[in-house]
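# Fold the following and give me the result.
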Amino acid sequence: MLAPLLWGCGSSGSKVERPVDTWVFRSVLDKHPRMITVALHNDLWVAYDAQTAALYKKKHGKVE
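Here you go, the predicted model:
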């Protein structure tokens, strides 16, 4: 039962292009700790609360 799942996880040989080098990281946002920040595009970011797994905020522009 696990074998079909593992076959689907293989590498296709093509490199995935990411908008920035560090595209997922843990951060403190608006004084809220334990946020997960994700780059979806060059200027589109989303932040999730790691405790509740809920979308916290989306942001257009740069994140530092």
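
# what helix or strand does residue 27 sit in?
Element membership for residue 27, per DSSP states H and E: strand 24-29.

# And residue 46, by the same measure?
strand 44-49.

# List of residues touching that strand?
Identification of contacts with strand 44-49 by C-beta atoms under 8 Å, 6 or more residues apart in numbering yields 27, 29, 32, 34-40, 54-60, 63. The way it works is simple: take the backbone N, C-alpha and C, and place the C-beta from them, glycine included.

# The top strand by length along the chain versus strand 44-49: what angle between them?
Criterion DSSP state E: the longest strand present in the chain is strand 32-41. Strand 32-41 and strand 44-49 are oriented at 150 degrees to each other (axes from the mean of the first three to the mean of the last three C-alpha atoms, to 10 degrees).

# quick one: residue 15 from residue 33, how far?
For residue 15, the distance to residue 33 (C-beta to C-beta, to the nearest Å) stands at 33 Å.

# now swap in residue 25 and tell me
As for residue 25, its distance to residue 33 is 13 Å (criterion: C-beta to C-beta).

# tally of neighbours for residue 48?
Neighbours of residue 48 under the rule other C-beta atoms under 10 Å: 17.

# what are the bridge partners for it, then?
residue 36, residue 55 (DSSP bridges).

# At the geometric centre of this protein, which residue sits there?
residue 38 (3.3 Å; C-alpha atoms, centre = their mean).

# residues touching that residue, list them.
23-24, 45-48.

# let's see it at 7 Å
By C-beta atoms under 7 Å, 6 or more residues apart in numbering, the contact set of residue 38 is 23-24, 45-46.

# I am finished for the moment; much appreciated.
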